[in-house]
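[1] Fold the following and give me the result.
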Amino acid sequence: MSARHEAAVPILMYHAVSSHPNDATRGLSVSPSQFAEQMELLADHGRTPLTTAELATIWRGDGRTLPDRPVLITFDDGYEGVHTHALPALAKHGFAATLFVSTGWLRGAYDTGGGLDAMLDWDQVRALAGQGVEIGGHSHTHPQLDQLDDADLEFELLRCREIVTGELGRAPRSFAYPYGHSDRRVRRAVRAIGFTQSLAVGNALARRRQGPYALRRVTVRRSTDVTEFERLIDGRDIGRTFARDRALTKGYAVVRRARQARRKAARIRV
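    Alright, predicted model coming up:
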């Protein structure tokens, strides 16, 4: 296998792009000027952005090789600033990106009222798709999927996929786990519904050996300054940068497994 197939790829995870985010989204937001500066840095570093589907297809072995210095730009949830602020910066450089939408959070007929801040509407999602942004799934109501029973898990995945397909005229291929949480059962369900690849978080570089349903990402947030951003895209000091995040993730994984065990025991008793 070629060196490029073995390469580690930074997959950047964004959420809101906003000058005035609310308290719920502030920590995981970036300002419009911050985002524009980061896109300039990607261009200056000679990075070539890919969509999630493009990366997965190459790593499945379609005959193509990775471009020099690949990177992925991804957005979760579906905040309005992705259209208002991020799209112009992406278009300036001709950059590809992927938006993962929680369909029940977007404004319109399917809105469940759960959106955390100003959300996209479906006309804006179509405009993003028309500019080459890949639209992927992020569940319907953004729950922790590994905490759901089989019926609710199937509903969250299927409803999301059906709505995106109906609104855009084509089925989404890529998925991102809400909160980054998944387990073997969730990954099997994502695959069975028809998604061909999915992203976790993990705060590490993506590698082919992670498999198409557990690709890692690195978090970009309001506190990410220029120096840290350059380290992220170059894959330097990521372990140290996200040491606290990883410790919290490991601790919370224990809590989630305990909750799952209690629910399974309760179902057996019934």
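[2] For the helix or strand containing residue 12, name the packing helices and strands.
    Counting by DSSP states H and E, the element that carries residue 12 is strand 11-14. If you count contacts as 3 or more Cβ pairs under 8 Å, 6 or more residues apart in numbering; DSSP states H and E, strand 11-14 packs onto strand 70-77, strand 197-202, strand 215-219. Where C-beta positions appear, they are placed from N, C-alpha and C, glycine not excepted.
[3] okay if I get these as a markdown table plus mean pLDDT and mean neighbour count?
    Written out in a markdown table, the entries for the helices and strands packed on strand 11-14 read as follows (pLDDT from 0 to 100; neighbours: other Cβ atoms under 10 Å):
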| stretch | mean pLDDT | mean neighbour count |
| --- | --- | --- |
| strand 70-77 | 98 | 24 |
| strand 197-202 | 96 | 24 |
| strand 215-219 | 97 | 23 |
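[4] Using a markdown table, lay out these together with distance to residue 23.
    Written out in a markdown table, the entries for these read as follows (distance: least, Cβ to Cβ, whole Å):
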| stretch | distance to residue 23 |
| --- | --- |
| strand 70-77 | 16 |
| strand 197-202 | 21 |
| strand 215-219 | 18 |
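[5] on that earlier part again, what is the subsequent helix or strand relative to the strand holding residue 12?
    Downstream of strand 11-14, the next assigned helix or strand under DSSP H and E is helix 32-44.
[6] So which of the helices and strands packed on strand 11-14 is nearest residue 168?
    Taking Cβ to Cβ as the criterion, strand 70-77 is the member of the helices and strands packed on strand 11-14 that comes nearest to residue 168, at 16.0 Å.
[7] Now tell me what touches the strand holding residue 12 from outside.
    Under the contact criterion Cβ atoms under 8 Å, 6 or more residues apart in numbering, strand 11-14 has outside partners 30, 35, 52, 55, 71-76, 82, 86, 199, 201, 205-206, 215-220, 232-233.
[8] so what strands line up beside that strand?
    strand 70-77 (parallel), strand 215-219 (parallel) (DSSP bridges).
[9] Next, format the ones you listed as TSV and append distance to residue 145.
    As requested, the strands paired with strand 11-14 are exported to TSV (distance: least, Cβ to Cβ, whole Å):
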stretch	distance to residue 145
strand 70-77	14
strand 215-219	16
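[10] Show me where this protein has its strands.
    Counting by DSSP state E, the segments of the chain that form strands are 11-14, 48-50, 70-77, 98-101, 134-137, 174-176, 197-202, 215-219.
[11] need the ones you listed in TSV with distance to residue 117, can you?
    What follows is the strands of the chain, written out as TSV (distance: least, Cβ to Cβ, whole Å):
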stretch	distance to residue 117
strand 11-14	13
strand 48-50	25
strand 70-77	9
strand 98-101	14
strand 134-137	19
strand 174-176	18
strand 197-202	20
strand 215-219	17
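[12] So residue 116 is in contact with residue 26, correct?
    No: here residue 116 lies out of contact with residue 26, judged by Cβ atoms under 8 Å, at a distance of 10.3 Å.
[13] So these two - more neighbours on which side?
    residue 116 (18 against 14; other Cβ atoms under 10 Å).
[14] quick one, what contacts the more buried one?
    Applying Cβ under 8 Å, 6+ apart, the residues contacting residue 116 are 22, 24, 25, 77, 105.
[15] Where does pLDDT dip in the stretch 101-250 of the chain?
    Within the stretch 101-250 of the chain, the stretches falling below the threshold (pLDDT under 70) are 243-250.
[16] Out of the contacts of residue 116, which end up buried?
    With burial judged by 16 or more other Cβ atoms under 10 Å, the buried subset of the contacts of residue 116 is 25, 77, 105.
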